[in-house]
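>>> Return a 3D structure for these sequence lines:
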Amino acid sequence: MKWDMGDSCKPPWYQLQQGQRQQLLLSIERGLEAKFGTQGLQLMPQISQISDLERLTTIQQAIRTVNTLDELRQLL
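Take a look at the predicted model:
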């Protein structure tokens with residue numbers, strides 16, 4: 001008998017990575033809203049397409065230092 005586990009049983013490292021990604025996205029969303037209001041949140045659809053954790057971390061950290069949304073867009 002062959003079991004087809006599909007996407008429901010991903011390896012632990014994949015599940016961990018997805019959890020980290022979700023936390024980064026939440027942090028980015030909160031940072032954008034706090035610093036730039038609803039205009040900042042308009043970047044979330046584009047940011048949500050990013051799967052690279054290092055790139056998301058860079059964006060998260062940049063929110064603290066950039067002065068404009070245009071500066072942040074350059075990282076996307």
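
>>> Show the model's pLDDT score for Pro12.
With respect to pLDDT, Pro12 scores 66.

>>> Next: Leu76.
Value for Leu76, per-residue pLDDT: 89.

>>> In what element of secondary structure is the closest residue to it other than its chain neighbours found?
Nearest residue to Leu76, sequence neighbours excluded (Cβ to Cβ, 6 or more residues apart in numbering): Gln46, at 5.7 Å. Backbone N, C-alpha and C define where each C-beta goes, glycine included. Under the criterion of DSSP states H and E, Gln46 resides in helix 44-47.

>>> from the middle of its chain, how far away would that helix be?
In terms of Cα atoms, centre = their mean, to the nearest Å, the centre of helix 44-47 is found 8 Å from the chain centre.

>>> For it, which outside residues touch it?
Around helix 44-47, the neighbours that count as contacts under Cβ atoms under 8 Å, 6 or more residues apart in numbering are 25, 28-29, 32, 56, 59, 76.

>>> For those, work out which two are farthest apart.
Largest separation among those by Cβ to Cβ: Glu29 and Leu76, giving 14.4 Å.

>>> Neighbour count: the two, which is higher?
When neighbours are counted by other Cβ atoms under 10 Å, Glu29 and Leu76 differ, and Glu29 comes out ahead with 16 against 11.

>>> where's the strand or helix carrying the more buried one relative to the chain centroid, distance-wise?
Element membership for Glu29 (DSSP H and E) is helix 12-36. Averaged C-alpha coordinates place helix 12-36 at 5 Å from its chain's average position (Cα atoms, centre = their mean).

>>> Do me a favour and average the pLDDT over the helix or strand following that helix.
Next along the chain after helix 12-36, taking DSSP H and E as the criterion, comes helix 38-41. Taken as a whole, helix 38-41 carries a mean pLDDT of 97.
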